[in-house]
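J.: Mind looking at a prediction? Sequence and model below.
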Amino acid sequence: MVFLLPLPLSPQLYQQVVANLAPNGLYVLEAYTVHHLEFTQSGQSVGGPKAAEMMMSLAELSHELDGLTFMQAEERLVMLDEGSAHRGQSAVVDTIARKTKF
């Protein structure tokens, strides 16, 4: 499931994620980074948001998801092939985090 949230709403959502995640529960997220704009502005049909304020960075996620321990976290380039509207190179941040502070 994909959620596109403007940054003013993101802190509230992430606080709720951390608070409601079961002890030792996992949170998996893939989000577009601001570098994704390079591909959307080049005319490629890669989908995703068109505004930087709707994208995340690893640094922002580390701050927003305080209370979770990152098991994997990286910003990377990927090739999307998820239908005609999401095809081509994209910039994402991938995270797998565990709730270790109760």
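T.: Arrived safely, thanks for sending. This structure is a prediction, so every number in the text was calculated from the model and none was measured.

J.: all strands for the protein, in order.
T.: With strands called from DSSP state E, the chain shows them at 26-32, 68-81, 87-99.

J.: Just say which of those strands is most tucked in.
T.: strand 87-99 (a mean of 19; mean count of other C-beta atoms under 10 Å). Placement of C-beta: from N, CA and C, glycine included.

J.: mean confidence score for that strand?
T.: Across strand 87-99, pLDDT averages out at 92.

J.: Dump it to CSV, keeping only the CA atoms.
T.: Output of strand 87-99 as CSV, limited to C-alpha atoms (Å, rounded to 0.1, in the frame of the first residue of the first chain):
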residue,chain,number,x,y,z
ARG,A,87,8.2,2.2,-15.0
GLY,A,88,11.7,3.4,-15.1
GLN,A,89,14.5,4.5,-12.8
SER,A,90,13.5,5.9,-9.4
ALA,A,91,15.2,7.1,-6.2
VAL,A,92,13.9,5.5,-3.0
VAL,A,93,14.7,5.0,0.7
ASP,A,94,14.2,1.5,2.0
THR,A,95,13.9,0.7,5.7
ILE,A,96,13.3,-2.3,7.9
ALA,A,97,13.0,-1.3,11.5
ARG,A,98,12.2,-3.1,14.8
LYS,A,99,10.5,-1.7,17.9
